[in-house]
Every structure is written in structure tokens, then in C-alpha cells.
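**Q** give the three-dimensional model of this entry:
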Amino acid sequence: MATFLFFLLLLLVPNALGAEHSYNYCGPNKTTYTPNSTYYHNLAHLLFLFTQEGDSSIELFSNKTVGKHPPDIVYGLYLCRADILPNDCLNCLIKASKEMTEHCPIQKEAIRWSDYCMLHYANHSVLWNMEVDPIDYECNNANISKLETEQKHFHDIVVDMMDELVVMASNYSKRYAYKEAIYNGAERVFGLMQCTQDLSGSDCDRCLRTHVSRLVNELCGGKAGGRLSTPSCNIRYERYPFYGFHTREDERKAPSTTQSGKKKKSSLKIVVIVTPVCVFLVLLGTIVALIERRRRRKHVTRKVSMNGTDDNEIATEQSLQIDLKTIEAATANFSDDNKVGEGGFGSVYKVYLAPYIHLKFGIE
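**A** Below is the predicted model:
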């Protein structure tokens, strides 16, 4: 049943990825299987398992084994390019499964390389083994330059970049790395390397180094780019950003977005810092104003209490303790001209003590 569903799926799935580089390797003719054999059904089940996973569960690297007894056990693994989306990985695997069964209809081992994925199955274990052969390679049709000096300069830049990528990929747990380098001032070259994740760091390093020199120096020397793939690792470099990772070229093409984002972050930081400071200064100013206002009120009250209130009142009893000579002078020696009337305690005189202060005294 699984075999029928798998081949039905291959017929119904459209070519979702369009034109791309691909190569199918079919194993030696001495290791073949017959239609409807146990190996045939195990292989169909293996490919079905690889292609029936949903977008959310599919991984960039996976391996499976189907069958219990040799020589009918089928071993398989796939590796999708590190920058692609799960949906593209799944579509690549479906397309690879279809083409492999068409190009290698009876071979027990087959490999298919393409831009987005590699699919490998065999009648022997394909896991934990660093394999340097067979290979698939392709060179960019464009030449770097007719001048040997420019060719050498580009070659040296690529070699240095590749050396760094080997170290980065072999030391990363997911076994891939990407990088870009500058040459001729403003031009760029982009590189990507990847190993199957079952390899150790040392095996990944060995696989990559074995083929970097061969690709750059022999197979694609003087070309603007090239790629090489083996069952265990793959290498590629180009003068354009062929992968989907974020690059400096993306930043150059969209400077306004980047700068506006930075400006927004800077403005937010300024607001966060300045707002508390402004609030503190306003509160401090309010407190100082209230203190100063209260101090002035006390000062005015003290001044009024010292100078008196109006023509008809005296602030304290101390103001009444005036010597006789002062009273005689103030009343013009008790002149009737200053007498204003009689009170319960005696005669009342109007007196003049100081400028703007007129008091009425009752003198007994």
C-alpha cells in the first residue's frame, strides 16, 4: 500500500522548484534489484517516509533504514541546503525521489544532487562514513578576467575565504558555514560549505579540504564561480549572493530600512532617558517654589507684626508702654486741638508718632 501511495504522490506533485542544476548518479550495475522484490518495496517505503513528513516536522538532515535482513535492507539519508525553507526542502526531496526512480530504475544505490538538496540511498550503510567519491561539479560560465594579475587576485581571495569556511563549518554542530569577501574594492564573492550532520568535525574538515583545492585550482580555475558535491559534503562560491542568508548586499540595497530602524531605536532610548529626568526637574521646581512661597509668607507676616496693622489697632501691649515725655510731645502737651473725646478710662487724644502711623490713645 505504501509503495502505491508513494508512486501516486510522485505523479501528482508538480515541478515546484523550476529549472535548477541537478545530477543523478546511479550505482554499479552489478548491484541491482528486480521490480516487486523485497528491496523494491523497502526502497519505496524509505522514499515515502522521507517525503510524507509535514513542513513543520521536516529537518534539514535526516537518515532512515528500512528492512530487517540483508541484502534487502535499504539505507538512506538526505541533506537540504542550510538556508532554504522546510517547504522547499520537502519539494526538493519529492522531485529527487521521482527523478531517481526514473534515471536509476534497478540500481540499489543512487544519489541525486541539486541546488536545494541531496538524496542518497544504498544497500550498504551510508551513515558515519566520509565519502569523497563520486562527485558532481559545475563551473560558472563567466571568466574573471583576461588579465592574469586579476585572476590571481580573485583566486587568492577565494582560497582565503574557503579556508575560513572549512574551519567554521567543521566546528559548527550543524556542519555548515557561509561567508562573503571583498575584492577589487567594492565587488564581492559569496561562499557556502556544508557537510552531512552525521560526520565528525575532523571528517567534515577532511572532506571539504580534499575538494576545495581541486575545485578552485583545477576544475574551475579562472571562472567566476563553481560548485562541487560529494555524498558527504558540498562547496560553492559565486560572485552573486546565491544563498538566502542575510548578506551585506541586502543592507546596501535597503539602507533606508536599516537606518530608519536605527533612528527609531535611538529615539526610543532618548525618550526613555530624558522623560524621567524632566519629571524629576518639574517635581524639584515645584517643591522649591512651594518652599519659597511659604518663606515669603512668613516674612510678610513678621513684617506686619512689627509695623502694625492699621490706623485703629495696635499689635501688642508692648506698644502701649510709652514714657510721659513722648506722650506730651505727641499730644502737644495735651492740647485740646488733639483731643478727640472722652472714654471710659479718660480723655482720648490723637497723636502722631512716625510717618504714616496715626494712633488714638486713651489717656487717664
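
**Q** switch to C-alpha atoms for all contacts and neighbour counts from now on
**A** Fine.

**Q** what's the pLDDT at residue 38?
**A** According to the prediction, residue 38 has pLDDT 97.

**Q** phi, psi for it please.
**A** Backbone torsions of residue 38, given as degrees, to the nearest 10, read phi -60, psi -40.

**Q** tally of neighbours for the residue nearest to it when sequence neighbours are not counted?
**A** Spatial nearest neighbour of residue 38, excluding adjacent residues (C-alpha to C-alpha, 6 or more residues apart in numbering): residue 72 at 6.2 Å. Neighbour count for residue 72, taken as other C-alpha atoms under 10 Å: 20.

**Q** for residue 37, see how far away residue 72 is.
**A** Relative to residue 37, residue 72 is positioned 9 Å away (C-alpha to C-alpha, to the nearest Å).

**Q** with residue 90 instead?
**A** 27 Å.

**Q** what does residue 111 give?
**A** Look at residue 111 and residue 37: by C-alpha to C-alpha, they are 21 Å apart.

**Q** equivalent analysis for residue 80, please.
**A** 30 Å.

**Q** and residue 121, by the same measure?
**A** 17 Å.

**Q** these two: who's more crowded?
**A** It is residue 121, of residue 121 and residue 37, that has more neighbours when counted by other C-alpha under 10 Å, with 26 against 11.

**Q** go ahead and confirm the more buried one touches residue 104.
**A** No - with contacts counted by C-alpha atoms under 8 Å, residue 121 stays clear of residue 104, the gap being 11.3 Å.

**Q** overlap of the contact sets of the two?
**A** Residues touching both residue 121 and residue 104 (C-alpha atoms under 8 Å, 6 or more residues apart in numbering) are residue 110.

**Q** and the next helix or strand past the helix or strand of the chain with the lowest mean pLDDT?
**A** Scoring the helices and strands of the chain by mean pLDDT, DSSP states H and E places helix 2-12 at the bottom, with a mean of 41. Where DSSP states H and E defines the elements, the next helix or strand beyond helix 2-12 is strand 22-26.

**Q** just the strands in the stretch 151-300 of the chain please.
**A** 176-183, 187-195, 226-229, 233-238 (DSSP state E, counting those that start in this stretch).

**Q** export the ones you listed to a markdown table and tack on distance to residue 288?
**A** Conversion of the strands of the stretch 151-300 of the chain to a markdown table gives the following (distance: least, C-alpha to C-alpha, whole Å):
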| stretch | distance to residue 288 |
| --- | --- |
| strand 176-183 | 61 |
| strand 187-195 | 63 |
| strand 226-229 | 76 |
| strand 233-238 | 70 |
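
**Q** looking at these, which is buried most?
**A** Across the strands of the stretch 151-300 of the chain, averaging neighbours per residue (mean count of other C-alpha atoms under 10 Å) puts strand 233-238 on top, at a mean of 25.

**Q** that one vs strand 176-183, what angle?
**A** Strand 233-238 and strand 176-183 are oriented at 30 degrees to each other (axes from the mean of the first three to the mean of the last three C-alpha atoms, to 10 degrees).

**Q** sorry, back to before: helix/strand/coil for the residue nearest to residue 38?
**A** Three-state assignment for residue 72 (DSSP: H, G, I helix; E, B strand; the rest coil): coil.

**Q** from here on, call the first residue 58.
**A** All set: I'll call the first residue 58, so the last point we hit is now residue 129.

**Q** that one and residue 180 touch, don't they?
**A** Yes - Residue 129 is within contact range of residue 180, at 7.2 Å (criterion: C-alpha under 8 Å).

**Q** between the two, which contacts overlap?
**A** Contacts common to residue 129 and residue 180, judged by C-alpha under 8 Å, 6+ apart, are absent.

**Q** so who does the residue positioned nearest the centre of the chain touch?
**A** Closest residue to the average C-alpha location of the chain: residue 303 at 10.7 Å, with C-alpha atoms, centre = their mean. Taking C-alpha under 8 Å, 6+ apart, we find residue 303 in contact with no residue.

**Q** quick one, domains of the protein?
**A** 78-179, 193-295 (the TED database).

**Q** end to end on stretch 179-193, go ahead and measure it.
**A** One end of stretch 179-193 sits 18 Å from the other (C-alpha to C-alpha).

**Q** show me what counts as buried in that stretch.
**A** Judged by neighbour count (16 or more other C-alpha atoms under 10 Å), stretch 179-193 contains these buried residues: 179-180, 183-184, 187, 189, 192-193.

**Q** where does pLDDT dip in the stretch 308-421 of the chain?
**A** 308-329, 354-379, 400-402, 408-421 (pLDDT under 70).

**Q** neighbours of the residue nearest to residue 179 when sequence neighbours are not counted, how many?
**A** Using C-alpha to C-alpha, 6+ apart and skipping residues adjacent in sequence, the residue nearest residue 179 is residue 166, 4.0 Å away. When neighbours are defined as other C-alpha under 10 Å, residue 166 has 23 of them.

**Q** verify the stated contact: residue 166 with residue 83.
**A** Yes - the pair residue 166 / residue 83 is scored as a contact, 6.3 Å apart, by C-alpha under 8 Å.

**Q** dig out what residue 403 forms beta bridges with.
**A** Counting by DSSP bridges, residue 403 forms beta bridges with residue 400.
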